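Peer 1: prediction below, plus the sequence it came from.
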Amino acid sequence: MTEDVVVIHTDGGCRPNPGPGGWGAVLRQREHVREMCGGEPGATSNNRMELTAPIMALEALTRPVSVHLHTDSTYVRNGITKWVLGWERNGWLTAAKQPVKNADLWRRLQAACARHQVEWFWVKGHSGVPDNELADVLATRGMNEAIEAATIPTR
C-alpha cells in the first residue's frame with residue numbers, strides 16, 4: 001500500500017429490509033484511521049445504506065486522493081463500475097425502460113467519485129477481513145443510534 005492511498009471499507013444494512021438502517025465506513029491512510037457511521041430511522045433499504053456508506057466516506061475526504069474502496073455489495077461495485085454510465089446515457093432508465101432505483105444516490109456517488117481516483121474492490125462479507133468486519137459493526141451502531149434517536153420522546 002502506498003502512503004498516498006486512502007483505503008476505505010464500507011458496509012450498510014437494515015432490519016427488516018425495508019426498515020430502519022445504518023451504514024459504516026473505515027478510512028485508513030498510513031497510521032491515520034477514521035471510523036464513521038450513521039443511520040436512517042425510517043423505512044430504507046439495504047441497497048440505500050450500502051450506497052450511503054461510500055458516499056459519506058468519499059465526501060468526508062478533504063482533498064482529492066487515490067482511494068481503494070472495498071465493499072461487500074456487488075450491487076454497489078457493479079453499479080458504479082459497470083451500470084451507471086449506461087443508466088445516465090439512458091436518462092436514468094434501466095434496459096427495461098424502468099426508472100433506476102436509488103438514482104439520487106447513484107448520482108451522488110458519481111459526484112463523490114469524480115473528485116478522486118477510486119479503485120473498487122469487492123470483499124466477501126463476514127469473511128474475517130478486519131476492516132470489513134469493523135464497517136459492519138459501525139453500520140449496526142449507526143442503525144441502532146438512529147432507531148434510539150427516533151424513539152426518544154420530545155418535550
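Peer 2: Looks like it arrived, so ask away.

Peer 1: and the strands in the protein, which stretches?
Peer 2: For the chain, applying DSSP state E gives strands covering 5-14, 19-29, 32-44, 66-71, 117-122.

Peer 1: direction included, what does the second one pair up with?
Peer 2: Each strand that pairs with strand 19-29, with its direction, by DSSP bridges: strand 5-14 (antiparallel), strand 32-44 (antiparallel).

Peer 1: OK, contacts around the spatially most central residue of the chain?
Peer 2: In the chain, the centroid-proximal residue (C-alpha atoms, centre = their mean) is A53; its distance is 2.4 Å. For A53, the contacting residues are 10-12, 23-25, 71, 135, 139, by C-beta atoms under 8 Å, 6 or more residues apart in numbering. Bear in mind the C-beta positions are built from the backbone N, C-alpha and C, glycine included.

Peer 1: out of those, who's the most crowded?
Peer 2: Most neighbours among the contacts of A53, by other C-beta atoms under 10 Å: G12, with 35 neighbours.

Peer 1: ok, it touching I55?
Peer 2: No: contact criterion C-beta atoms under 8 Å: G12 and I55 do not qualify, at 10.1 Å.

Peer 1: in the longest helix along the chain, what counts as buried?
Peer 2: Across the chain, the helix with the greatest residue count (assigned by DSSP state H) is helix 130-151. For helix 130-151, the neighbour count (16 or more other C-beta atoms under 10 Å) marks 131-136, 138-143, 146-147 as buried.
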